[in-house]
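Q: turn this into a structure:
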Amino acid sequence: MQSRKRLDSTARARSDTRAARHSWQRSQVRWLLLFGDLVGVNLAALGALWLGVQRSTWWLAVASWDTYLGWFIFLSALWFVMAQLLDLYDLRVAGLPRRAVRATWGAVAGVFAVYLALYFIAAPQTLPRHLIVFFALLAAASLTLWRGAVALAMGAGPLARRVVIVAGDESARVLSQALREHAPNYYRVVAQFDPKATPETARALPMSKVDEVLVSAAADLNDAWLALLVQWREQGAPVSNLAAVYEELTGRVPVEHVGKTWSVLLPLEQDATRGLNGLVKRACDIIFSALALLALAPFLPLLVLAVRLDSRGAILLRQTRVGQNGRVFWLYKFRSMIEHAEAPGAPQWAEEDDPRVTRVGKFLRRFKLDEAPQFWNVLRGEMALVGPRPERPEIVEQLQREIPFYRLRHVARPGLTGWAAIRYPYGRSVNDALIKLQYDLYYLKHQTLSLDALILFKTLGAVIAPPRAE
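A: As a prediction, this is how the structure comes out:
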């Protein structure tokens, strides 16, 4: 009798597996978006060239279309950079039609602006003027239709991702919130189970209705739950670590939800700043900081004069900050607040609209010019261009008492800008510091030269473009 029940159960499981549909994973959705974008960009470039032929005999002097291969490569690369800057491959943007369309128009406008800048810099008759006009119109139309269609398909058809969550109440709440905020219209939670309860109810769930199982790393699973997870995996439903999914979606390491397995998430054995990568990173720091100081040199007297005339006090501030491996160093910056903005030895949290900031200080902060003297810190090796932002020793002492693993952010050189700086710009409380620590740990875990380049591009974009309302 028991043998027949086991056979029936196995048959139902196999039938369930056969009934399961294919669902696009997160990485596959991003590759799909990239592929469709490149197709749209190159079709728009081809259409622009064809319209150029119809309009001007200048194009007819060309012997073959392959002469313009460079245009396809250039426009594709430029689109990819703009799309990255505007988060077009982030599910928060890709899954919402309005945000996806707005970001698409912004990327097309960015390509248009860069081309126009090159057009006016280049020698006369070097670049065709009407090519970019035709391209912008065709790309805006085709990519808007493509991105709008993908956004509408999120949550329906093969792009839907139906998940089961196995986690305690707090971990499940945090993950569910991350799914809603960072992958809207993509995930659909079909069931949620507490690992402290028996898995009988979960065992009755048809796996044909589930595309992925998300399990909390902090969950203490008994043998029955472990056996069920193996069974679900055999039936075709991937079993993923909740913390890993959260990290991928948010760009943060959830230090408060990793339980006893926290050590596997943090970069304790590896250091991407050593070896060849470290040498290249340091060389880039030296070269770019030296070039930045040379470029800013003609304007420094004007900045000094503006700070002096606007309010009383020192022009250049020197503050102690905690650097790599806990070493304290002097950080330099232009004064952007009133004199005696805080009592000696009693640092205060910055505010978004801080009344202590002067008129010139607001301008300096808007364009990050108050941080310009820190290029000297980069040259000296106390800082890097990219890394966790350095904090005051008094604040570090407070935060390491209240936040687990806070000192781990000091394993690398602090940065002029960083992952936390572009993703979460304001830090006004201990809770804000915890969120920024999560971003910092993500950077330390995944730091590469390409991630550094992305952070620098995004920082430059934030300086040039006006702040965007979320």
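
Q: so when I look at residue 198, I'm seeing a helix, right?
A: No. Inclusion of residue 198 in a helix is not indicated when DSSP: H, G, I helix; E, B strand; the rest coil is applied; the result is coil.

Q: what about residue 332, how many residues nearby?
A: In terms of burial, residue 332 registers 17 neighbours under the definition other Cβ atoms under 10 Å. Heads up, the C-betas are built off the backbone N, CA and C, glycines and all.

Q: so for the strand or helix carrying it, mean pLDDT?
A: Taking DSSP states H and E as the criterion, the element that holds residue 332 is strand 328-334. Per-residue pLDDT over strand 328-334 has a mean of 95.

Q: and that strand, what's buried?
A: 329, 331, 332, 333, 334 (16 or more other Cβ atoms under 10 Å).

Q: ok, of those residues, which one's closest to residue 201?
A: Distances from those to residue 201 were compared by Cβ to Cβ; the smallest belongs to residue 331, at 56.1 Å.

Q: the closest one bridge partners, please.
A: Going by DSSP bridges, residue 331 is paired in beta bridges with residue 319.

Q: list the contacts for it?
A: Each residue near residue 331 by Cβ atoms under 8 Å, 6 or more residues apart in numbering is listed here: 318, 319, 320, 321, 374, 377, 382, 383, 390.

Q: mind giving me the PyMOL select for these, buried ones only?
A: Only the buried entries of those go into this PyMOL selection, using 16+ other Cβ under 10 Å:
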select buried, resi 321+374+377+382+383+390
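
Q: want to try CSV for the contacts of residue 331, with distance to residue 251 as columns?
A: What follows is those, written out as CSV (distance: Cβ to Cβ, whole Å):
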residue, distance to residue 251
318, 33
319, 28
320, 30
321, 24
374, 24
377, 26
382, 26
383, 22
390, 21
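
Q: out of the contacts of residue 331, the closest to residue 133 would be?
A: The nearest member of the contacts of residue 331 to residue 133, counting by Cβ to Cβ, is residue 374 at 41.2 Å.

Q: next up, the contacts around the closest one.
A: Applying Cβ under 8 Å, 6+ apart, we find residue 374 in contact with 331, 332, 333, 383, 416.

Q: and for residue 293?
A: Residues counted as contacts of residue 293 (Cβ under 8 Å, 6+ apart) are 375, 376, 379.

Q: out of these, which are buried?
A: Buried subset of the contacts of residue 293 (neighbour count, 16+ other Cβ under 10 Å): residue 375.

Q: closest to residue 440 out of the contacts of residue 293?
A: Within these, proximity to residue 440 (Cβ to Cβ) peaks at residue 375, which comes in at 21.3 Å.

Q: the closest one: which element?
A: Using DSSP H and E, residue 375 falls within helix 374-380.

Q: I'd like the average pLDDT over that helix.
A: In this model, helix 374-380 has an average pLDDT of 96.

Q: kindly report the same for stretch 174-190.
A: Across stretch 174-190, pLDDT averages out at 88.

Q: ends of it, how far apart?
A: Using Cα to Cα, to the nearest Å, the end-to-end distance of stretch 174-190 comes out at 16 Å.

Q: now do the buried residues in it.
A: Of the residues in stretch 174-190, those with enough neighbours to count as buried (16+ other Cβ under 10 Å) are 174, 175, 176, 178, 179, 182, 183, 184, 185, 186, 187, 189.

Q: that one: how far from the chain's middle?
A: Relative to the centre of its chain, stretch 174-190 is centred 17 Å away, using Cα atoms, centre = their mean, to the nearest Å.

Q: one more: stretch 162-169?
A: In terms of Cα atoms, centre = their mean, the centre of stretch 162-169 is found 25 Å from the chain centre.

Q: again with stretch 298-314
A: The gap between where stretch 298-314 is centred and where its chain is centred comes out at 35 Å by Cα atoms, centre = their mean.

Q: out of the contacts of residue 374, which comes closest to residue 369?
A: Sorting the contacts of residue 374 by how near they are to residue 369, with Cβ to Cβ, puts residue 333 at the top with 9.6 Å.

Q: residue 404 contacts residue 434, doesn't it?
A: No. Under the criterion of Cβ atoms under 8 Å, residue 404 is not in contact with residue 434, lying 9.1 Å apart.

Q: quick one: residue 330 and residue 383, what's the gap?
A: Relative to residue 383, residue 330 is positioned 11 Å away (Cβ to Cβ, to the nearest Å).

Q: which one of residue 404 and residue 434 has more residues nearby?
A: Between residue 404 and residue 434, counted using other Cβ under 10 Å, the more crowded position is residue 434 (18 against 13).

Q: the closest residue to that one other than its chain neighbours: what's it in contact with?
A: Among residues not flanking residue 434 along the chain, residue 403 sits closest, at 5.3 Å (Cβ to Cβ, 6 or more residues apart in numbering). By Cβ under 8 Å, 6+ apart, the contact list for residue 403 reads 255, 430, 433, 434, 437.

Q: ranking by neighbours, what's the top pick from those?
A: In terms of neighbour count, residue 437 stands highest of the contacts of residue 403 at 24 neighbours, by other Cβ under 10 Å.

Q: so residue 160 touches residue 95, yeah?
A: No. The criterion here is Cβ under 8 Å, and residue 160 misses it with residue 95 at 10.9 Å.

Q: which residues do the two both contact?
A: Residues touching both residue 160 and residue 95 (Cβ under 8 Å, 6+ apart) are 154, 186.

Q: these two: who's more crowded?
A: When residue 160 and residue 95 are compared for neighbours, residue 95 comes out ahead with 23 against 17, by other Cβ under 10 Å.

Q: quick one: contacts of stretch 140-152?
A: 32-33, 36-37, 40-41, 43-44, 88, 94-97, 99-101, 103-105, 107-108, 159, 185.

Q: my guess is residue 32 contacts residue 38. True?
A: No. With contact defined as Cβ under 8 Å, residue 32 and residue 38 do not form a contacting pair (11.1 Å).

Q: any low-confidence regions in the stretch 351-470 of the chain?
A: Low-confidence regions of the stretch 351-470 of the chain, defined by pLDDT under 70, span residues 351-352, 427, 466-470.

Q: residue ranges for the helices of it, please.
A: Using DSSP state H, counting those that start in this stretch, the helices assigned to the stretch 351-470 of the chain run over residues 359-366, 374-380, 393-402, 419-423, 430-446, 449-464.
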